[in-house]
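Engineer: okay, sequence plus prediction incoming.
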Amino acid sequence: MENLDDFAKSDLDKLEKLAQNFRWIGSHYEYLKQKYDKQYVAIKDEKVLDNDSKMEKLVNRLNIQNYDKSIAIDFISKQ
C-alpha cells in the first residue's frame, strides 16, 4: 500500500496536469473561439479530445467517472 506522501504527490501531479490544460486553453483561446464557438471543449495533455454543445453528452462520450484523467473542460464563446 502506498503511504500518504505518495497519494499526496499523485494528487498534486494530477492537479498540475489539470492546471496545465486550463492554461493551454487560456493561451489558445482565440483559436478555440474560431473553431469551437458555443461548444464545451475537453482538453487533455494540451490537445483537444472532443467537443459538444452539451456538456453532459461530452462527459458521457469521454466516460469521465472521476478526476483521475486530468481533463479540462471549458465552454468556449466568442462573446
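Structural biologist: Ah, there it is.
Engineer: strands of this structure, start to end?
Structural biologist: Under the criterion DSSP state E, the chain contains strands at 39-44, 47-52, 72-76.
Engineer: so how far is Q79 from the residue nearest the centre of the chain?
Structural biologist: Centroid-nearest residue in the chain: A72, 1.2 Å away (criterion: Cα atoms, centre = their mean). Plainly put, A72 is 20 Å away from Q79 if you go by Cβ to Cβ, to the nearest Å. From N, CA and C alone the C-beta is placed, and that goes for glycine too.
Engineer: repeat that for I43.
Structural biologist: Distance from I43 to Q79, by Cβ to Cβ: 20 Å.
Engineer: compare those two and say which is more crowded by neighbours.
Structural biologist: Taking neighbours as other Cβ atoms under 10 Å, I43 and Q79 compare with I43 leading, 23 against 5.
Engineer: so D52 makes contact with L58?
Structural biologist: Yes - counting by Cβ atoms under 8 Å, L58 is a contact partner of D52 at 4.0 Å.
Engineer: need the residues touching each of those two.
Structural biologist: Shared contacts of D52 and L58 (Cβ atoms under 8 Å, 6 or more residues apart in numbering): Y40.
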